[in-house]
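>>> Sharing a sequence plus its predicted fold:
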Amino acid sequence: MSVVDLARFMDDLATESGHAILPFFRAAFGLEDKGRAGGGFDPVTEADRAAEVSLRNMIRRTFPTHGIIGEEFGSDHPEAECTWVLDPIDGTRAFIAGLPSWGTLIGLMHQGVPVRGLMHQPYLGERFSGDGAHALFRGPRGERDLRTRRCEGLAEALLATTDPRLFAEGAEREGFGRVEAAVRMSRYGTDCYAYCMLAAGQIDLVVEAGLKPHDIVALIPIIEGAGGVVTTWEGGPAAAGGRIVAAGDRGLHAAAMAMLNG
């Protein structure tokens with residue numbers, strides 16, 4: 001399949017998953033807590049599962065030799081040369097609350113390296129896509145290239161994270177606290193949307209912890225394609241998840257890492 005056809009297929013995946021999800025948004029639906037006792041609320045909805053089933057079925061029909069890693073149904077041949085990494089609804093808490101700051105994440109890895117990614121917000125009709133070299137936004141008002149913005153330092157930065165309570169007590173939370181105290185402004189509850197707004201030049205820095213591959217793989221080619229950088233707190237590859245720092249400016253990324261690990 002050509003690059004153009006692959007991009008079209010990813011768009012088809014996004015469209016199909018949107019059809020599966022939207023009937024549940026701002027409607028009554030079943031809700032289950034996946035969290036272990038004492039581990040906090042970890043919700044999953046009928047919409048999450050319906051969307052991932054549709055994505056998996058389309059991938060298996062089109063690319064039967066490809067692997068799949070999904071949030072809801074686990075891994076299927078993750079050792080394959082090409083592996084799809086899926087999060088049907090990243091931001092399930094926002095989805096439950098009727099807030100549109102969630103999205104479907106569709107990522108493709110080749111030999112363990114993220115090479116293409118797409119975030120689809122079907123309620124708003126927005127798509128953010130990238131291949132590590134180029135990133136694109138498409139929405140109701142047209143399409144445009146995505147570019148991160150320059151930021152001279154932490155004092156000028158807008159920081160986002162999903163929830164500061166996700167950082168472990170001790171050094172991890174203290175590191176985030178130092179960064180948050182140094183920036184101009186911070187915003188919470190943004191999930192995958194924060195990374196896309198970073199790629200769009202609206203946000204400068206995203207710091208998170210406890211991520212899984214399905215939370216980040218699709219976003220890496222978008223951020224890098226827009227000129228940004230995303231790594232672990234230690235500066236390693238971000239595809240495995242864990243503690244993640246993303247920035248639109250390399251100097252800002254370095255400053256944030258120094259403070260997180262200080």
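Alright, I've got the coordinates. Residues are numbered from 1 along each chain as shown.
>>> quick one: the residue nearest to residue 108 when sequence neighbours are not counted and residue 71, what's the gap?
Spatial nearest neighbour of residue 108, excluding adjacent residues (C-beta to C-beta, 6 or more residues apart in numbering): residue 116 at 4.4 Å. For glycine as for every other residue, the C-beta is placed from the backbone atoms N, C-alpha and C. Using C-beta to C-beta, to the nearest Å, we find residue 116 at a distance of 18 Å from residue 71.
>>> longest helix in the chain, by residue count?
helix 3-21 (DSSP state H).
>>> Quick check: the residue nearest to residue 108 is in a strand.
Yes: the assignment for residue 116 by DSSP: H, G, I helix; E, B strand; the rest coil puts it in a strand.
>>> pLDDT at it, what is it?
The per-residue pLDDT reported for residue 116 equals 98.
>>> same thing with residue 60?
In this prediction, residue 60 carries a pLDDT score of 96.
>>> Distance check, the residue nearest to it when sequence neighbours are not counted against residue 137.
Using C-beta to C-beta, 6+ apart and skipping the chain neighbours, the partner closest in space to residue 60 is residue 68 (7.7 Å). Noted for residue 68: a distance of 26 Å to residue 137, by C-beta to C-beta.
>>> What of residue 14?
Relative to residue 137, residue 14 is positioned 13 Å away (C-beta to C-beta).
>>> what do you get for residue 199?
With the distance defined as C-beta to C-beta, residue 199 ends up 8 Å from residue 137.
>>> between these two, which one's more packed in?
For residue 199 versus residue 137, neighbours defined as other C-beta atoms under 10 Å are more numerous around residue 199 (31 against 21).
>>> tally of neighbours for residue 117?
Other residues near residue 117 number 29, with proximity taken as other C-beta under 10 Å.
>>> Perfect, I'm done here.
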